[in-house]
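Chemist: Predicted structure and sequence below. I'll ask about it afterward.
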Amino acid sequence: MKATLLLATLAIAAVASAAGQTFLEENFTDDAWEDRWTTSSARENLGKFELSSGTFHANKDHAQGLQTTENHRFYSISTPLSAVVDNSKEDLIVQYTVKQEVSQECGGSYLKLLPEGYDAKAFNGDSEYAIMFGPDVCGNDNRIHVIFNYKGKNYLTKREFPVPRDTTTHLYRLTVHPDQKYSLMVDGEAMVDHVSLEADWDVYEPRTMPDPDDAKPEDWVDVIQIEDPDHIKPENFDDVTRYIPDPEAKKPEDWDEEADGEWETPEIMNPEFEEWTPKYISNPAYKGEWKAKEIPNPDFVDHPDFSHYKIGGVGLDLWQVKSGSIFDDIIVTTDAEVADKYVGQWKENFAKEKELVAASEAAKEEEVRKEKIAAAVAARQKKEEEEKKKKEEERDELDDDEEPEKVTESKETKEETKEETKEETKEETKEETKEETKEEVKKETKEEVKEETKRDEL
Ligand SMILES: *[C@@H]1O[C@H](CO)[C@@H](O)[C@H](O)[C@H]1NC(C)=O
């Protein structure tokens, strides 16, 4: 019976995924995007979006996306889906990429899924949305938001998803499963996979609670450690006193008993003295921390329609201190294959982007190294010139019968010194840059390992 049911469920799932539908596939390949997207008129002076492939890319056409172009601006723009999505029976996939070429100090790059019947002209930060999803960065505070609106209130996830912080393109996918579960993917890797919404959103009260009528039994032992009963203080333990007269102290020869009083030997800490310390052992009777037994929570209410929506559009409603975010390949679909196609494309391009970044970083390092050498050489030259000038001034002050031979000699010496110092400076700078680079690489790898461990933990 159970097996048949399971098979039937699987069959339905298979049919559902095969019959998936794509409601938005926006890859910004043409100028007609302006006809598809509506800029809000709810606010003046909104930041401008423009098509851009960025300053570096693996594939210019693939890389072209919608870029924010003005600093310190609000951005508000939206596009309708081809049909209203009802995600109560199917997986809903929202996926897109963001490239942050200029390091973002404070700004969002998230999407808002807008409810059926939303008003594109009136769209603004206060407009009700169904789901908000994507990176948000401000100072050290950075997270990938997953916010669900439920009965007019916005619920943030309790789980922390850090935002990858570099200049390459990153891919974000949220899948909302109809059975109150969700999956989140960053750069093709699962951060969570079919995790229950109940675990990560506070919209639910806990299912159980500690029984208020349950009491700790009187014989419950929760003392973890006790004094070792076999460790007994020897009777003569305190016989050695704590202070003794200093054996090296001597009465000063000029001590005057009449004026100074009777001389007393000063005391010192007895090196043989030992404080008695009892030994502790684990309590064999320890039962653990007492906890009341759990009973069903009468306040628990199921929310089977939490995360179920009728979605009509996608909006970008942002505030950015630094512009330059490039949004691309925005997909809203119930067909995983369509979203997967873009993951494959992203993977190929990402590998190339990383190579480009590495090459440009190496070139920058080389540039810095050269600048350092040039600066060091210039500093030496300046110093030498100053010394020369000083010497000339000193010479002018001397009598005119100075021997001309001497001058030539010192010139030669100077030439030699110059050569030597140049060589030294080069060597030094080389060593320094090597050391620095090593340090940086070490730091970076540490950071990466931390990041990876975090992700693994998730
Ligand atoms: C861009 O999107 C259109 C659908 O809007 C699709 O037909 C086309 O294949 C996409 N291009 C790429 C490079 O994926």
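Modeler: Happy to help now that I have it. Since this is a predicted model, take the numbers as computed values, not measurements.

Chemist: tell me which residues of stretch 229-241 are tucked away?
Modeler: Within stretch 229-241, no residue qualifies as buried by neighbour count (16 or more other C-beta atoms under 10 Å). C-beta here means a position set from N, CA and C on the backbone, and glycine is covered the same way.

Chemist: How about the residue of the chain found nearest the ligand: what's its closest non-neighbour residue?
Modeler: As assessed by C-beta to the nearest ligand atom, the ligand sits closest to residue 27 within the chain, at 3.7 Å. Nearest residue to residue 27, sequence neighbours excluded (C-beta to C-beta, 6 or more residues apart in numbering): residue 329, at 5.2 Å.

Chemist: tell me which element the one you found falls in.
Modeler: Per DSSP states H and E, residue 329 falls inside strand 325-333.

Chemist: Likewise for residue 317?
Modeler: For residue 317, the element it lies in under DSSP H and E is strand 310-320.

Chemist: close to the ligand, is that strand?
Modeler: No: residues of strand 310-320 contacting the ligand under C-beta under 6 Å from any ligand atom: none, with a closest distance of 13.7 Å.

Chemist: list the buried ones in that strand?
Modeler: Those would be 311-320, for strand 310-320 by 16+ other C-beta under 10 Å.

Chemist: now do stretch 95-110
Modeler: 95-101, 104, 107-110.

Chemist: One more: stretch 162-181?
Modeler: Neighbour-count burial for stretch 162-181 [16+ other C-beta under 10 Å]: 162-164, 167-178, 180-181.

Chemist: Residues of this protein that sit close to the ligand?
Modeler: So far as C-beta under 6 Å from any ligand atom goes, the chain lies against the ligand at 25, 27, 29.

Chemist: I figured residue 149 hits residue 133, correct?
Modeler: No: with contacts counted by C-beta atoms under 8 Å, residue 149 stays clear of residue 133, the gap being 11.8 Å.

Chemist: who's more crowded, the two?
Modeler: residue 133 (22 against 19; other C-beta atoms under 10 Å).

Chemist: can you give me phi and psi for the more buried one?
Modeler: phi -150, psi 130 (degrees, to the nearest 10).

Chemist: Same check on residue 125?
Modeler: phi -60, psi -20.

Chemist: quick revisit: could the buried residues of strand 310-320 be laid out in a markdown table, adding pLDDT?
Modeler: A markdown table is the format used below for these (pLDDT from 0 to 100):
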| residue | pLDDT |
| --- | --- |
| 311 | 98 |
| 312 | 98 |
| 313 | 98 |
| 314 | 98 |
| 315 | 98 |
| 316 | 98 |
| 317 | 97 |
| 318 | 95 |
| 319 | 93 |
| 320 | 92 |
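
Chemist: Distance across stretch 224-236, terminal residue to terminal residue?
Modeler: 31 Å (C-alpha to C-alpha, to the nearest Å).

Chemist: And for stretch 269-281?
Modeler: Stretch 269-281: ends 31 Å apart by C-alpha to C-alpha.

Chemist: For that stretch, which outside residues touch it?
Modeler: Defining contact as C-beta atoms under 8 Å, 6 or more residues apart in numbering, one finds that stretch 269-281 is touched by 225-228, 231, 233, 237-238, 240-244.

Chemist: I'd say residue 170 and residue 95 touch.
Modeler: No: Residue 170 is beyond contact range of residue 95, at 11.5 Å (criterion: C-beta under 8 Å).

Chemist: residue boundaries of the strands in the stretch 1-150 of the chain?
Modeler: 22-26, 38-39, 49-52, 65-68, 73-86, 92-100, 106-108, 111-115, 131-138, 141-150 (DSSP state E, counting those that start in this stretch).

Chemist: hang on, residue 201 packs against residue 148?
Modeler: Yes: the pair residue 201 / residue 148 is scored as a contact, 6.6 Å apart, by C-beta under 8 Å.

Chemist: Okay, and the beta partners of residue 170?
Modeler: Counting by DSSP bridges, residue 170 forms beta bridges with residue 98.

Chemist: Contact partners for it?
Modeler: Counted by C-beta under 8 Å, 6+ apart, residue 170 has contacts 97-100, 135, 164, 186-187.

Chemist: ok, of those residues, which one's closest to residue 89?
Modeler: Using C-beta to C-beta, residue 186 comes nearest to residue 89 of the contacts of residue 170, at 26.6 Å.

Chemist: list the contacts for that closest one?
Modeler: Residue 186 touches 144, 161, 164, 170-173, counting by C-beta under 8 Å, 6+ apart.

Chemist: how about it, phi and psi?
Modeler: phi -130, psi 130.

Chemist: could the strands of the stretch 1-150 of the chain go into a markdown table alongside mean pLDDT?
Modeler: Converted to a markdown table, the strands of the stretch 1-150 of the chain look like this (pLDDT from 0 to 100):
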| stretch | mean pLDDT |
| --- | --- |
| strand 22-26 | 97 |
| strand 38-39 | 97 |
| strand 49-52 | 96 |
| strand 65-68 | 97 |
| strand 73-86 | 97 |
| strand 92-100 | 97 |
| strand 106-108 | 92 |
| strand 111-115 | 98 |
| strand 131-138 | 96 |
| strand 141-150 | 95 |
